[in-house]
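> this is a predicted model, with the sequence first.
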Amino acid sequence: MVIEATAREELDFVVIDRVVHKHNVEPGAVIPILQEIQDTYSYVPPVAIQRVAEHMNIPASEIYGIVTFYAQFRLQPLGKNLVKVCHGTACHLCGAEMVAETLAQVTGAREGETSPDGLFTVERVACLGCCSLAPCIMVNGETHGRLTPEAVGKIMTEIQKAEAPASVG
Ligand code: FES
């Protein structure tokens with residue numbers, strides 16, 4: 001279960017403490033602990049890192065190092081739309097960097113980030129399994145292929161329009 005945004009601001013340390021103690025505060029359990037925290041909040045909040053570090057008696061910087069090393073961890077809440085950018089070999093050769101750059105321009109989120117408006121989280125992934133359509137992205141589980149900058153911009157703009165509050169009058 002993901003805890004709602006309103007509850008994120010003031011983290012319930014009871015939840016974090018329970019996760020840490022479930023893993024017996026063992027140093028080797030840092031990654032499973034972080035995974036469980038991310039499953040709960042959709043990201044690893046900085047205050048949670050501090051709390052885990054205190055419990056485990058290791059520097060918070062060490063845990064930050066782990067969170068930033070592994071692509072699976074996020075330091076920002078998940079946006080409303082999850083965009084996975086394929087960097088497998090075929091997509092790499094066919095313009096994955098162009099796709100990522102266009103996404104950054106249109107959404108304001110680089111890979112590993114959530115856009116300032118909270119609409120998009122962009123993640124870098126390996127092969128999405130549809131190499132003949134390279135370069136590809138997956139948006140909320142739906143694959144889009146043979147992308148050009150224009151096509152990427154159109155997909156994102158349509159989502160932005162759909163998410164925009166209806167204009168009054
Ligand atoms: S390399 Fe991108 S889908 Fe396979």
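Arrived safely. Numbers count the residues shown, from 1 in each chain.

> any idea how many residues pack against residue 156?
Close neighbours of residue 156, defined as other CB atoms under 10 Å, add up to 23. All C-beta atoms are positioned from the backbone trio N, CA, C, and that covers glycine.

> so which helix or strand takes in it?
helix 149-163 (DSSP states H and E).

> helices or strands up against that helix?
The elements that helix 149-163 packs onto, with contact taken as 3 or more CB pairs under 8 Å, 6 or more residues apart in numbering; DSSP states H and E, are strand 81-86, helix 96-107, strand 137-139.

> what's next to it, contact-wise?
Here helix 149-163 makes contact (CB atoms under 8 Å, 6 or more residues apart in numbering) with 80-81, 83, 98-99, 102-103, 106-107, 119-120, 137, 139, 144.

> between those, which is nearest the ligand?
The closest of those to the ligand turns out to be residue 137 (CB to the nearest ligand atom; 9.2 Å).

> what residues are up against the closest one?
Counted by CB under 8 Å, 6+ apart, residue 137 has contacts 83, 84, 85, 86, 99, 103, 128, 143, 144, 147, 152, 155.
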